[in-house]
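Enquirer: Fold the stuff below for me.
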Amino acid sequence: MKHEGSISNMVTSEIVATLGERFKDYRIACDMTQKEVSDKSGVSVITIRKFENGQLYNLTLATFIALLKAIDFTQGLDEVLPEIPVSPYELLKIQQGKRKRVRHAK
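Expert: Residues are numbered from 1 along each chain as shown. Just a heads-up that it's a prediction; the model follows:
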């Protein structure tokens, strides 16, 4: 079940199915079987199979993270919710509060 278009235009169940398909592609690229991922993540083979086949729509975030860790893909999590950058106004306040010099008593 390949989905076309932007993930933002999909309903939640379609997003989970798409993530399952992508996870399968990554797992295979890592040369890992479902059993190996199961052993490494603690997630059952049945859950992994259903996730990859688009038959599981209530995968918990903790389970998804365990699966990503099993294939060593946790760096992708930083892209999901990156840190909010410091606003230019806040950056200016930080810079103004920095010490400009050091003076020692004579």
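Enquirer: Show me the shaky parts of this structure.
Expert: For the chain, applying pLDDT under 70 flags the ranges 1-5.
Enquirer: So which residues of it form strands?
Expert: For the chain, applying DSSP state E gives no strands.
Enquirer: can you pull out the helices in it?
Expert: In the chain, the helices defined using DSSP state H lie at 12-29, 34-41, 45-52, 61-70, 77-80, 88-96.
Enquirer: I'd like the distance between the residue nearest the centre of the chain and Lys24.
Expert: Nearest to the geometric centre of the chain sits Leu77, at 2.7 Å (CA atoms, centre = their mean). From Leu77 across to Lys24, the span is 18 Å (CB to CB, to the nearest Å). To be clear about C-beta, it is placed using only N, CA and C from the backbone, and glycine gets the same treatment.
Enquirer: Also Val102?
Expert: For Val102, the distance to Lys24 - CB to CB - is 58 Å.
Enquirer: between those two, which one's more packed in?
Expert: With neighbours defined as other CB atoms under 10 Å, Val102 and Lys24 compare such that Lys24 has more, 18 against 5.
Enquirer: excluding its backbone neighbours, what's nearest that one?
Expert: Nearest residue to Lys24, sequence neighbours excluded (CB to CB, 6 or more residues apart in numbering): Glu52, at 4.0 Å.
Enquirer: Mind checking the helices of the chain for the one nearest to Lys106?
Expert: Among those, the nearest to Lys106 by CB to CB is helix 88-96 (28.0 Å).
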